[in-house]
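Participant: here you go, sequence then predicted model.
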Amino acid sequence: MEFCPNCGKMLMPKKGMIKCGCGYEKSLTDDDIEKQYHMEGETKPQSKVIVTDNKNVALPTTRITCYKCGGTKGYWWTVQTRSADEAPTNFIRCAKCGNTWRSSN
Ligand SMILES: [Zn+2]
Ligand SMILES: [Zn+2]
């Protein structure tokens, strides 16, 4: 909110200009306009977006026998297919060579 320096009236900005009945004129800078908007509008705090990288998620380990390298330590996780009728699929990844396959359960 601005007040006229000549007569003290409250000034309402229009189209980037301030005009007072007494003849006082002022063109608003972008900075002035921004201040005006911030006063009138509610500023919502920007919600932080948390980005997770699946590669860094610690997966549970299990004892396996990798058919490629013979490794015995593997990670497993479950993927629910889009169809709710189908049972979720378990995947196994060899910790040694990265070989990934579906678990037969
Ligand atoms: Zn005035
Ligand atoms: Zn392996």
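Facilitator: Sure thing, it's come through. Residues are numbered from 1 along each chain as shown. Ligands and ions are numbered 1, 2, ... in the order given.

Participant: can you tell me the closest non-neighbouring residue to K19?
Facilitator: Nearest residue to K19, sequence neighbours excluded (Cβ to Cβ, 6 or more residues apart in numbering): E25, at 5.4 Å. C-betas here are computed from N, CA, C, even on glycine.

Participant: list the contacts for the residue sitting furthest away from the middle of the chain?
Facilitator: Centroid-distance maximum for the chain: C22 at 49.8 Å, with Cα atoms, centre = their mean. C22 sits next to 4, 6-7, 9 when contact means Cβ atoms under 8 Å, 6 or more residues apart in numbering.

Participant: filter those down to the ones near ligand 1?
Facilitator: Contacts with ligand 1 within the contacts of C22, counted by Cβ under 5 Å from the ion: 4, 6-7, 9.

Participant: highest neighbour count among the residues you listed?
Facilitator: When neighbours are counted by other Cβ atoms under 10 Å, C4 leads the ones next to ligand 1 among the contacts of C22 with 17 neighbours.

Participant: so how far is C20 from it?
Facilitator: 4 Å (Cβ to Cβ, to the nearest Å).

Participant: that older thread, quick check: the farthest pair among the contacts of C22?
Facilitator: N6 and K9 (8.5 Å; Cβ to Cβ).

Participant: re earlier: which residues do C4 and C20 both contact?
Facilitator: Counting by Cβ under 8 Å, 6+ apart, the residues touching both C4 and C20 are L11.

Participant: no more questions from me, cheers.
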